[in-house]
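Undergrad: starting from these lines, generate the structure:
(one chain, ligands or ions: 1)
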Amino acid sequence: MVKNREQFRSTLGFIFASSGSAIGLGNIWRFPYLAGTNGGGAFVLIYAILMLTIGASLLLVEFVIGKNSHANTVKSYGNINKRFRYIGYLNIFTSFIILSFYSVVGGWTIYFLFKSITGVLISIPGDEITTVFQSFTASSLSPLIYTFIFLALNIYIVAKGIALGIEKYNEFLMPLLFLIILILLVRSITLPGAIDGIIWYLKPDFSKISSGIIVAAFGQVFFSLSVGLSTMVVYGSYLSRNENLPRASALVALFDFLISVMAGLVIFPAVFSFAMKPSEGPGLVFITLPQVFSMLPFGYFFLVLFFILLVLAALSSSISMMEVAITYFIETYNIRRVKISIIYGFIVFLLAIPASLSFGILNGWKIFGMQLFDLFDYFSANVSLPFSALACAILVGWFWNKEKIKAVITNGNKNNNHFFTYWFLIVKYLIPPIITVIWLNAIGII
Ligand code: PHE
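TA: Numbering: from 1, shown residues only. Next up, the predicted model:
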């Protein structure tokens, strides 16, 4: 155990921080556009099932690994089994990739927030917003400036540390986020014709289910819960000895799921009410929502509120990605937190440059048939996160002492033994084959 390590100050602070990591662009930007392009209700149903079974169990897997060793990601795995420390390295690498493209989208959210505050966005005629979005994302310099601002905010929060940075920020942010999304939801579902959107979004059309939808839903579970990147290992490692981990995992998975469903209920009723396409892709929240809001009374107010929501949600997640690497560097090389936060933020920015340019001048530059941004997204959500999650499940199910795990989870409380038995069976026998099959499908082997 590393000496004088920081800790979360309260259980609530920990739950808010983990929910903050989970709830992000993944819920408000990625989930709705995936649901939009993958047939609505059928996608949501598969997502719900995978999320509340496999997703929630994996969250607990990561918390246990972290809480057991109170150390950075590489050490947390290495302490249990030396060979598994490579998962830690893979996670640091992947967090670097995800943070780079996430910051690009984070930059877009800041740009759109500015444009909505100054009233520019609301005054653009509806059908021109697509052009505004496309020409902004395709330009070279402007998106990079906003990506830089986004990363600077990350550095600022992470440099302050766990209790005074991450915990404090999330404690204020999470309730605010919930409130904003609730206001927007009420507005959206009371629009005329909203019911068509609600039906499309929530009523599964079973004929639409395909392996592509399952792979997409599966990747989204990992991405949205922040599992497979050691984020939750690292947050778990900052816990005191007797936290109730099963409860924390259930709550975080539930909040995360709820916010995704709510985000869909903000977007689709509005999209249908104004007869727009739900299958817009990554531009969905950026293009469709401003058009919708511009046609509503008090649209300005709702639009600003929406982009505040996006920026805040993005930040609470990106700081957790950053923390995966920062904790490792601090503890391994004894570097000061402030210094490494700045250096790391800057390196991420360098990788964000080609990711951002792939919407513009690097558009034709394809690797495995994908633009760089899409490749980063696909590699992380569908390849690396599931792979590490699989390795974590195997580590916990097959390479660790069962009694030890039980002690970390139950804190010696016998009431929790039943729960432990079921969870352990799921982690040991059910999760590994399921992830393997879907993973092999995602990388094109079966
Ligand atoms: N869960 C975050 C979101 O939904 C993204 C994320 C992925 C954060 C992996 C940390 C680790 O936006």
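
Undergrad: how about the contacts made by residue 245?
TA: Contacts for residue 245 were tallied using CB atoms under 8 Å, 6 or more residues apart in numbering; they are 60, 63-64, 67, 236, 408-409. (Each C-beta comes from the backbone N, C-alpha and C, glycine too.)

Undergrad: most neighbours among those, which one?
TA: Within these, most neighbours by other CB atoms under 10 Å means residue 236, with 30 neighbours.

Undergrad: tell me the spacing between it and residue 34.
TA: Look at residue 236 and residue 34: by CB to CB, to the nearest Å, they are 28 Å apart.

Undergrad: spatially nearest residue to residue 363, not counting backbone neighbours?
TA: residue 371 (6.6 Å; CB to CB, 6 or more residues apart in numbering).

Undergrad: the one you found reaches residue 358, doesn't it?
TA: Yes: proximity of residue 371 to residue 358 meets the contact threshold set by CB atoms under 8 Å, at 4.4 Å.

Undergrad: overlap of the contact sets of those two?
TA: residue 365.

Undergrad: between these two, tell me which one has more neighbours.
TA: residue 358 (25 against 19).

Undergrad: buried ones in stretch 254-263?
TA: Neighbour-count burial for stretch 254-263, counted by 16 or more other CB atoms under 10 Å, picks out 255-257, 259-263.

Undergrad: which one of these is nearest to residue 137?
TA: residue 263 (20.8 Å; CB to CB).

Undergrad: touching, the closest one and residue 28? I think so.
TA: Yes: counting by CB under 8 Å, residue 263 touches residue 28, with 4.5 Å between them.

Undergrad: re earlier: so what's the residue nearest to residue 363 up against?
TA: Applying CB under 8 Å, 6+ apart, the residues near residue 371 are 358-359, 362-363, 365.

Undergrad: can you pick out the most distant pair from those residues?
TA: 359 and 365 (11.3 Å).

Undergrad: look at the two and report which has more neighbours.
TA: A side-by-side neighbour count of residue 359 and residue 365, using other CB under 10 Å, places residue 359 first with 21 against 11.

Undergrad: chain neighbours aside, what residue packs nearest to the more buried one?
TA: Spatial nearest neighbour of residue 359, excluding adjacent residues (CB to CB, 6+ apart): residue 137 at 4.3 Å.

Undergrad: now the helix or strand encompassing the one you found: buried residues?
TA: Remark: residue 137 resides in helix 129-138, with elements defined by DSSP states H and E. Going by neighbour count (16+ other CB under 10 Å), the buried part of helix 129-138 is 129, 132-133, 136-138.

Undergrad: cool, thanks, signing off.
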